[in-house]
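Q: requesting a structural model of the entry that follows:
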Amino acid sequence: MEYEKQLQCVKTSSGFIAALDQSGGSTPKALENYGVTSDDYDNDEAMFDLVHEMRARMMTCTAFDNERVLGAILFEDTMEREVNGKSTANYLWEDKNIVPFLKVDKGLAEQMNGVQVMKPMPNLDLLLDKAKNYPVFGTKMRSVIYEPNVDGIELVVQQQFDVAKQIISKGLMPIVEPEVDINSSKKHECEVILKTSILHNLERLNDEQKVMLKLTLPEESGFYQELIDHPKVLKVVALSGGYSRTDACNKLKQNPGMIASFSRAFTEGLSKQQSDEAFTSVIDASIEEIYEASKG
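A: Purely as a prediction, here's the structure:
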């Protein structure tokens, strides 16, 4: 029942997806950008306490509303913690009517063939079962493409879709994220190969299977329209990938039908030292800018 409500919400509501899923490797940088240095914590437990405090401050802010924020991607640690006395996913869905997603990958393998595939996920079924105990709608998993290597890109996409089918079988919606590095000197060539590979894998899904796609904003405006219109794609969302919020939003406006799923660009300008009033003002402006860009 909740899944069907969430499905309709993602399908028909406006807004964007906030990526609040920085994990072990990216957490120190996220905290540093928020004004919290490594001197402020002694171990991982203290670090995750601080990053949850940051995320809870965002989620409970009045500006973080379902009129503009469609969904939020959580890290496993965040899912298992509480916000305002409820599990984070329950708080988002029940109190805010914002759809929760869960990051499920375990990071990236070493670079080979111009790409980084995902590390093995031997306990994925257990994690998916855990997510089903919360009102989690879907999942997200990330690979990275650096060079237009056909074999490498096909390996990335095949792995993503193989895992996506496992996720679908558990009754969750997978977000497939084969990121193209924005600093690649042959970014567009990567995107051409990537789109072809994604289309091939979409055709191999059965009629009941759908995915979401999370893609780097393309060099060519409207380049992913074929994917946006595809009957087996619920939604195509865009990652900011290191672009500033302004640049990411400007690029997003050139790609109608895509919506934002920004992380760094979303939290840009927020600081632990800000008063609640200043914090609300900054996050409200960020949400409004990203929301307007997501409307195409």
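Q: pLDDT weak spots in the protein?
A: 24, 296 (pLDDT under 70).
Q: at which residues are the strands of it located?
A: 16-20, 69-74, 82-83, 86-87, 99-103, 115-116, 138-145, 173-180, 211-216, 233-239, 258-260 (DSSP state E).
Q: and those as a markdown table, adding distance to residue 38 and mean neighbour count?
A: Just so you know, the C-beta spots here come from the backbone N, C-alpha and C atoms, and that holds for glycine as well. Below are the strands of the chain laid out as a markdown table (distance: least, Cβ to Cβ, whole Å; neighbours: other Cβ atoms under 10 Å):
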| stretch | distance to residue 38 | mean neighbour count |
| --- | --- | --- |
| strand 16-20 | 21 | 28 |
| strand 69-74 | 24 | 26 |
| strand 82-83 | 25 | 16 |
| strand 86-87 | 29 | 16 |
| strand 99-103 | 23 | 27 |
| strand 115-116 | 25 | 24 |
| strand 138-145 | 24 | 24 |
| strand 173-180 | 26 | 26 |
| strand 211-216 | 29 | 24 |
| strand 233-239 | 26 | 23 |
| strand 258-260 | 30 | 27 |
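Q: now residue 78. Nearest residue, chain neighbours left out?
A: Once flanking residues are discounted, residue 78 sits nearest to residue 88: 5.3 Å by Cβ to Cβ, 6 or more residues apart in numbering.
Q: my bad, residue 148
A: In space, residue 148 is closest to residue 189, 3.7 Å off (Cβ to Cβ, 6+ apart).
Q: give the burial count for that neighbour, as a bare number.
A: 15 (other Cβ atoms under 10 Å).
Q: switch to numbering from 120
A: Okay, residue one is now 120; in that scheme the one you just asked about reads as residue 308.
Q: any idea how far it is from residue 126?
A: Separation of residue 308 from residue 126 (Cβ to Cβ, to the nearest Å): 35 Å.
Q: again, but for residue 359
A: Applying Cβ to Cβ to residue 359 and residue 126 gives a distance of 25 Å.
Q: comparing those two, which residue is more hemmed in?
A: The residue with more neighbours, out of residue 359 and residue 126, is residue 359; 25 against 16, by other Cβ under 10 Å.
Q: got the residue ranges for the helices in the stretch 220-369 of the chain?
A: Along the stretch 220-369 of the chain, counting by DSSP state H, counting those that start in this stretch, helices occupy 243-251, 269-288, 306-322, 344-347, 364-372.
Q: re earlier: can you tell me which of the strands of the chain is nearest to residue 175?
A: With Cβ to Cβ as the measure, strand 201-202 is the member of those nearest residue 175 (4.8 Å).
Q: partner strands of that closest one, parallel or antiparallel?
A: Neighbouring strands of strand 201-202 in its sheet, by DSSP bridges, are strand 205-206 (antiparallel).
Q: just how off-centre is the strand it pairs with within its chain?
A: Its chain's C-alpha centre and that of strand 205-206 lie 21 Å apart, by Cα atoms, centre = their mean, to the nearest Å.
Q: and for stretch 236-248?
A: 17 Å.
Q: how long is that stretch end to end?
A: 24 Å (Cα to Cα, to the nearest Å).
Q: same question, stretch 250-267
A: End-to-end for stretch 250-267, by Cα to Cα: 35 Å.
Q: and for stretch 175-185?
A: Start-to-end span of stretch 175-185 (Cα to Cα) is 16 Å.
Q: repeat for stretch 298-313
A: Termini of stretch 298-313 sit 10 Å apart (Cα to Cα).
Q: then stretch 228-239?
A: 8 Å.
Q: so residue 382 sits against residue 356, correct?
A: No. When contacts are counted by Cβ atoms under 8 Å, residue 382 is not listed as touching residue 356 (11.6 Å).
Q: any idea how far residue 187 is from residue 254?
A: For residue 254 relative to residue 187 (Cβ to Cβ), the value is 20 Å.
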